[in-house]
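Participant: pasting a predicted model and its sequence here:
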Amino acid sequence: MLSAGSFAQKSTIPFINKKNQHHISAEFASVSYTYIHQFAPKLQLGARLQAGMAFYFIPSLPPQLDPEIFDLINFQILYRTKAARSFYFDLGTVISYLSFLEGMEDQQDITFGLSGAAYYNYKKFHIGFSLQLRFIENEYYYYSSNNTEIWESELKSLVLFSPLILGFSF
């Protein structure tokens, strides 16, 4: 005799609902590792460690699109929210150490800002894109009329865009 329990299907937990979530992703020319912990059904916090390149946009007149920014180390603190069964968003802060703009001669020690990413998840794979608003302190010097060297700094903003993120979740 068959019991009613033998006809039940195995239920699998959607990845976005797992308590501990690990992701390895590849972007344009960078790689990242993300860990998210689910503290409660609507409270998922984590961190991402990333190294590599991304495209950036300088909001100025006229707008300027430069090919890349290279981050030696990029660290993000994230809040994850589920938008639908297979869609989720990561929002958070970002800080990077040793960023190179337009080549190795334009080195920034630290950049900081806000990050956001959207993903579609299918089984253990995800695809998405990200935007970051970063701030850098640009220091420069010039000579006054009496030939005195004057150092100044300004805070510049960059909008970084990664159009395609592919990854694996485990």
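Facilitator: Cool, got the structure.
Participant: tell me how far K18 lies from Q76.
Facilitator: K18 sits 20 Å away from Q76, going by C-beta to C-beta, to the nearest Å. To be clear about C-beta, it is placed using only N, CA and C from the backbone, and glycine gets the same treatment.
Participant: who has more neighbours out of those two?
Facilitator: The neighbour count for K18 versus Q76, taken as other C-beta atoms under 10 Å, is higher for Q76 (24 against 15).
Participant: just confirm that one is within a helix.
Facilitator: No - checked against DSSP: H, G, I helix; E, B strand; the rest coil, Q76 lies outside a helix; its state is strand.
Participant: hang on, isn't it packed against L45?
Facilitator: No - here Q76 lies out of contact with L45, judged by C-beta atoms under 8 Å, at a distance of 11.4 Å.
Participant: go through this structure and flag its longest strand.
Facilitator: Taking DSSP state E as the criterion, the chain has its longest strand at strand 149-169.
Participant: any buried residues in that strand, and which?
Facilitator: For strand 149-169, burial by neighbour count (16 or more other C-beta atoms under 10 Å) applies to 156, 158-160, 162, 165, 167, 169.
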